[in-house]
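below are the sequence and a predicted model; questions follow.
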Amino acid sequence: MGNFFKNSKKGKDLHGVNEKNYDNIVIKKDKKRFWIRNLLKLSGFITLVILVSFLAFRHYTKDLNIKEQKASLLNEIKDGRYDITNLANKSGSSLVTIGDDKNNLSIKKDDGKNVSGSIIRTDGYIITSYSAIKEFSKIYVKISSNDISPFEAVLVGFDEDTDIAVLKIGANGLKSISTSELEVLEIGEKVATLGNTICEEPVGFVSNGIVSAPIKKKTIGEAGHSDSKVFDLIETTSLINADNNSGILCDYNGIVIGINSLYFTNKISKPGVYYALEINDALRIADSIIRDGGISASVTLGVTGSTVADEKSNVYGIYVEDVDKGSNAFNAGIKPTDIIVEADNQKVKNIESLADLLKKHSVGDIIKLKVIRGDTVKDISVTLK
């Protein structure tokens, strides 16, 4: 067999079939399959190149975005908008530590009873939490300076409805909180809550967050009564706890916009948010305490009413259902069935808006009311006693 295949070129094989050239056996390639295989290889190579290029580009753009974000953040830090250390240095010196043990304050020890306070006047007036200090037999105040010993403080007065107390120490030239005309706060505005219960310089506790609700009205008192109290609260995600209660809520420029209130935070008890008493309300109450020398004296009117909203007659106001005998409204001649439509030349739409106006007045002021009585409109002046 071996010799047969070796010597045969052309002729017949054993079965008489014409043989082919066996000396050089040639296997013919399948050209179609060859091109498909090469095309697949080429497609895979192109796909790999595209994928590598895409990943490289994405990595480059990611690095670029990170660099841009870092550059933007650095610029904001330079502008002071994110510099918490700078903020603490700027605002912390108006914070004080309050306790009932002078020695603990001297060695910067918090026995769990210390509370923060905020200097509101350079001549030694301080605002703090009344519930935190009302059981103290003696009250001591330590300002944020290692060189100054604790002062014994006098309780000037308090307002239980807002948990505000005012203290006085024998010092002058203190740095008071920095305030300004409160601009419209926006949801999402960055803020910080500061406090100091351990006499640290410049501040003992800082938390940051945002304004989640600019102004929330909180009404305390009998529903529908003019003498219920309305307060402005700022809702924030910045933590308020025992370490910064009655400390300050400030913007990133160091401007104080509220006094931290654990009292209202616990009273409202809304998960994840905290409350500060808007600074103008807090200072108004403190001024009233200082002026009257004791418990905050809120002026009263003495009416109970409900809201009137008549679109046809275009009458909006407060329908007087009852007048307290001997009250300021009673003495001025306000009667049941009267409709109060204006106070201090401002339209009033409900009893809460009237109470909100009343809180801006002091004992002895005169408030001018416009009332509808039957078919007539009367101007009535009420002396607030």
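Alright, I've got the coordinates. Numbers count the residues shown, from 1 in each chain.

contacts, neighbours, all on C-alpha from now
Will do.

show me where the stretch 201-350 of the chain has its helices.
Counting by DSSP state H, counting those that start in this stretch, one finds helices in the stretch 201-350 of the chain at the ranges 262-268, 279-292, 328-332.

what separation do you get for the nearest residue to Ser261 once chain neighbours are set aside and Ile126?
Spatial nearest neighbour of Ser261, chain neighbours left out: Ala276 (4.9 Å); criterion: C-alpha to C-alpha, 6 or more residues apart in numbering. Taking C-alpha to C-alpha, to the nearest Å as the measure, Ala276 falls 17 Å from Ile126.

one more: Ile318?
38 Å.

please identify which of these two sits among more neighbours.
Between Ile318 and Ile126, Ile318 has the larger neighbour count (other C-alpha atoms under 10 Å), namely 30 against 26.

domain-wise, how is the protein divided?
Domain assignment of the chain by automatic domain parsing yields the ranges 1-79, 83-298, 303-383.

just put those domains in TSV and tack on mean pLDDT.
Listed next are those as TSV, based on pLDDT from 0 to 100:
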stretch	mean pLDDT
domain 1-79	54
domain 83-298	86
domain 303-383	89
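
hang on, the earlier thing: which one of the helices of the stretch 201-350 of the chain lies closest to Asp379?
helix 328-332 (10.7 Å; C-alpha to C-alpha).

pull the distance from that closest one to the chain's centre.
From the chain centre to the centre of helix 328-332 is a distance of 41 Å (C-alpha atoms, centre = their mean, to the nearest Å).

how near is the residue most central in space within the chain to Asp281?
The chain has Thr236 as the residue nearest its centroid, 2.2 Å off, counting by C-alpha atoms, centre = their mean. From Thr236 across to Asp281, the span is 17 Å (C-alpha to C-alpha).

which residues does Pro271 contact?
Shown in contact with Pro271 (C-alpha atoms under 8 Å, 6 or more residues apart in numbering): no residues.

how close does it get to Leu239?
Pro271 sits 11 Å away from Leu239, taking C-alpha to C-alpha as the criterion.

Tyr274 now?
6 Å.

what's the answer for Thr376, then?
Thr376 sits 53 Å away from Leu239, going by C-alpha to C-alpha.

what of Asn114?
Using C-alpha to C-alpha, we find Asn114 at a distance of 18 Å from Leu239.

neighbour count winner among those two?
Applying other C-alpha under 10 Å to Asn114 and Leu239 shows that Asn114 carries more neighbours, namely 25 against 21.

which residue ranges of the stretch 151-300 of the chain form strands?
Shown for the stretch 151-300 of the chain, the strands assigned by DSSP state E, counting those that start in this stretch span residues 151-159, 164-168, 190-195, 205-220, 229-236, 248-251, 256-260, 274-278.

of all those strands, which lies closest to Arg121?
Comparing the strands of the stretch 151-300 of the chain by C-alpha to C-alpha, strand 164-168 comes nearest, at 9.7 Å.

who does the closest one touch, helix- and strand-wise?
strand 125-129, strand 151-159, helix 279-292 (3 or more C-alpha pairs under 8 Å, 6 or more residues apart in numbering; DSSP states H and E).

just send those back as JSON lines, with distance to Asp110 too.
Below are these laid out as JSON lines (distance: least, C-alpha to C-alpha, whole Å):
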{"stretch": "strand 125-129", "distance to Asp110": "16"}
{"stretch": "strand 151-159", "distance to Asp110": "17"}
{"stretch": "helix 279-292", "distance to Asp110": "26"}
